[in-house]
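K.L.:
Kindly generate the corresponding structure for this input.
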Amino acid sequence: MLHETAIILIAFAYLGVLFAIAYYADERADAGRSIIASPYVYSLSLAVYATAWTFYGSVGRAASDGVGFLPIYIGPTLMIALWWVVLRKILRISKQNRITSLADFIASRYGKSALIGGLVTVIAVIGILPYISLQLKAVSSSFTILVQYPEIIMPAKVGAVAIRQDTALWVALILAAFTIAFGTRHLDAAEHHQGMVAAIAFESLVKLLAFLAVGVFVTFGIYDGFGDLFGRVASEPKLHAMLTPLEGVAGGYANWVWLTILSMMAIMFLPRQFQVAVIENVDEKHINKAIWLFPLYMLAINVFVLPIAFGGLLRFPDGSVDADTFVLTLPMAEKRELLALLVFIGGLSAATGMVIVETIALSTMVCNDLVMPVLLRLRRLRLNERRDLTGLLLGIRRGAIVLILLLGYLYFKLAGEAYALVSIGLISFAAVAQFAPAILGGIFWKGGTRAGALCGLLAGFAVWLYTLFLPALARSGWLPMAFLDQGPFGIELLKPLQLFGLAGLDQISHAMIWSMIANVGAYVIVSLSISPSADEHRQASLFVDVFRHTGEGGGARFWRGTASVPDLYSLLARFLGTATADGAFGEYASAKGLSWPDERLVADAELVHFVEVQLAGAIGAASARVMVAAVAKEEALTIDEVREILDEASQVVVYSHKLEQKSRELEAATAELLGVNERLTELDRLKDDFVSTVTHELRTPLTSIRAITEILLDDPDVEIEQRKKFLGIITKEAERLSRLINQVLDLAKIESGKADWVETRVDMKEVISDTIAAMDQLFREKNIEVEAKLPEKVSTVTVDLDRMIQVMLNLLSNAVKFCDGTKGRVEIALSEREGRLWVDVRDNGRGISPADHEIIFDKFHQVGDTLTDKPHGSGLGLNISRQIVEHFGGKMWVESSLGGGARFSFTLPTGAAT
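P.N.:
Numbering: from 1, shown residues only. From the prediction side, this is the model:
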């Protein structure tokens, strides 16, 4: 027989095992041998999603709606498929900004706003209270039922008990004590609770084992397998309807859709899910395995939901047993004491895991985003005088844990007993769904503003209160039922469950429709109406473009001002303790090639940002900003300056992407040229020369770009003017590199016969005039005099207009490059002789030896080749120009002598158009 004392001792023994696991994991972590650095542990910790709601409530919902319980688990599976896009981005943002909670994440995105952080905390605490009360109700009810063994008596029939014997109150107090022991033994700047994660992973296995055990017992012990069980259900008309999707589901399609959306949001934005999935994550790559392992866990724990539900309905057809308790009462009815005890431990495990993680997450939010911002403003001077504030922080968090659990107990007493377990959980789901627009909009849309997020959250939360929270109080007798039936002041359009006349929906779908319209509408409209501040613009860029701003120093370039190393160190030591502050400064100094303490350590923007990020891990981003501002004098940046910094920083990335694309094009062109040369064995030697030439030409601009890029990346404090000069050099070198690559591509197409030729009748006089006009700025910069001798009228030629412009640009650029440096002069002459047009381009440079006239047209010749006197010219450009001219039946040559300048000439036939 199950005795009350034995049940209590076993429950405490189980909680002791969880604590031992947590203690062992913390000890291993302190020794540098983490046991949670495993994708399997990470995936199991995510199963904190399966609470007492899953353990008991899913069966209860299945018993009334059949397959209607499935959307709660379909939603997470759909969302998890998007995790590599959504969760990975949230993870990267959180790691770089040392985010400590869901409220901290939203506050940081919108300019590190303490007001938004506080509002999110209030919404989370109020919204999660029903969920915590659900866990207390589940444990209390299951304990009350189990101690009645062998009788099966529902808690409602047991009668009222004195407060000293109130199981729910004792469960709340015991869980508060264990949560304090699990999560607030010390202050961690990274907000990691490795012991807690290990314990949650273990309890996930326990509740899965317990649920599978009772499922197997019901399916194969009480009945003869799935066939027998479902065959009996099919013979019962009332039960058979539940097997058809949507037929036996209250609310039909709308209910399924909204429950699926609701659960998609819940798996991401429940504070406990954000805690284990983001804050406690130690390796981004663990997502890869969690994407398939966590849905597999969900599938396993739901396989026997319908068999247990139908087994309970068949076993208790009179409805005397609450369907939420079928998991426990079926083994009791069959006199399986040990199995019933295992089920109780499984339910206790599910509830305990949820309460511990949820209250740790909420207590962190209450401390960092609600209490500390108030204290820092009301008592800033006194706090600055205290040398160690770690005790204060831990005290606030411990007090918050106790308060949250007592408020959860209070909700259970006020309204929890009027709802089934699933209904209570859905109320909380709808509350946290209000965070979705601000978070998803914040990481993908730079236009989201602080005012927009604030209005969206307020609007959505107000609708949630009106359509879900207040009706729960009304059904519990704390508000008049006329409020539900007739609306406030008898205004039917304002009835909470049929707002503005929208009827025919279940309560959750109705509330979600109106709250999302209010939330998303306010967020978007206000964001588009109000311009963001400099801080908001900066944070928007860091969040949306997180994969561009790698490392934790990305925010340092946005700080400008003065500070001192001792002040920054003292600030960090007050909140994290001396040992932690020494470790942090030692790590920072080591990365700079210094030791700590070292007088050479400078309180620059990077150190200020480093201290703020470390501090944010303990007190949140908004409070960290306030405290750093108290010891460091900052010069505010305007939004234009922020935009300029962001634009300059992103230009290097843009150039890198362009160079990568051009490099790929060059590789393809080189491969094509190599293929041509392989077919022409006599050009093997020339092939090697060509590759060597291209490599030589590429090396100079690439080396310049790489060197300057490394300077910009390694030193974020480069002055704005110097940064502009560097970016100007990168631009010129990139253009030079682009021209060479385009020449290689063009040459490859021409020589392979794959070039596109667009032939038309062209006036060469216009081509020359347009080219001279296009290069006018260059002529002015080089102080070169240009003279064009063009006849009034010449015959047209059949050529490709763009390629003839390319020929003229090559010849004029070549002339400009090698004109006399002091008094440069270029002459262009056009004439018509014997049915051909003649074009001459003359410069007054050093000239070319007659022995080298043909060599300069060779595609393997480049500037600096060891020729008679190193003639000028770009081999690729001149080679391409000659091939273009020859393609249209013309000729190109050079006439020059040393010291007498050079004249490049070409002719084109003036035949009739074909």
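K.L.:
Show the pLDDT at the closest residue to Phe226 other than its chain neighbours.
P.N.:
Closest residue to Phe226 apart from its sequence neighbours, by CB to CB, 6 or more residues apart in numbering: Thr219 at 6.2 Å. Just so you know, the C-beta spots here come from the backbone N, C-alpha and C atoms, and that holds for glycine as well. pLDDT for Thr219: 94.
K.L.:
Check Gln165 too.
P.N.:
72.
K.L.:
Over to Glu203?
P.N.:
pLDDT, Glu203: 93.
K.L.:
How much space separates the residue nearest to Phe226 from Ser108?
P.N.:
49 Å (CB to CB, to the nearest Å).
K.L.:
Which one of those two is surrounded by more residues?
P.N.:
Ser108 (28 against 22; other CB atoms under 10 Å).
K.L.:
and the nearest residue to Thr144 once chain neighbours are set aside, how many neighbours does it have?
P.N.:
Among residues not flanking Thr144 along the chain, Pro155 sits closest, at 4.5 Å (CB to CB, 6+ apart). When neighbours are defined as other CB under 10 Å, Pro155 has 20 of them.
K.L.:
Contacts only, for the residue nearest to Phe226.
P.N.:
225-226, 229, 304, 307, 311 (CB atoms under 8 Å, 6 or more residues apart in numbering).
K.L.:
List buried residues within those.
P.N.:
229, 304, 307, 311 (16 or more other CB atoms under 10 Å).
K.L.:
Compute the first-to-last residue distance for stretch 818-825.
P.N.:
10 Å (CA to CA, to the nearest Å).
K.L.:
Stretch 783-795 now?
P.N.:
33 Å.
K.L.:
who touches that stretch?
P.N.:
Stretch 783-795 is contacted from outside by 763-765, 768-769, 772, 779, 816, 819, 823-832, 837, 910, using CB under 8 Å, 6+ apart.
K.L.:
So which of those residues are in helices?
P.N.:
764-765, 768-769, 772, 779, 816 (DSSP state H).
K.L.:
Pull out the buried members of those.
P.N.:
For the ones in helices among the contacts of stretch 783-795, buried by 16+ other CB under 10 Å: 764-765, 768, 772, 779, 816.
K.L.:
any low-confidence regions in the stretch 451-600 of the chain?
P.N.:
549-563, 592, 598-600 (pLDDT under 70).
K.L.:
before we move on, the earlier item: so what's the residue nearest to Thr144 up against?
P.N.:
140-141, 144-145.
K.L.:
Mind doing that once more with 7 Å?
P.N.:
141, 144-145 (CB atoms under 7 Å, 6 or more residues apart in numbering).
K.L.:
swap in Ala62?
P.N.:
Applying CB under 7 Å, 6+ apart, the residues contacting Ala62 are 69, 305-306, 309.
K.L.:
tell me which of these is nearest to Ala474?
P.N.:
Phe69 (26.2 Å; CB to CB).
K.L.:
Just the ones in helices from the buried ones among the contacts of Thr219, please.
P.N.:
Using DSSP H, the buried ones among the contacts of Thr219 in helices are 229, 307, 311.
K.L.:
The first one: what's its closest spatial neighbour, skipping adjacent residues?
P.N.:
The spatial neighbour of Leu229 that comes closest, neighbours along the chain excluded (CB to CB, 6+ apart), is Tyr223 at 4.3 Å.
K.L.:
Surely Ile99 and Ala107 touch.
P.N.:
No - using CB atoms under 7 Å, Ile99 makes no contact with Ala107, being 9.4 Å away.
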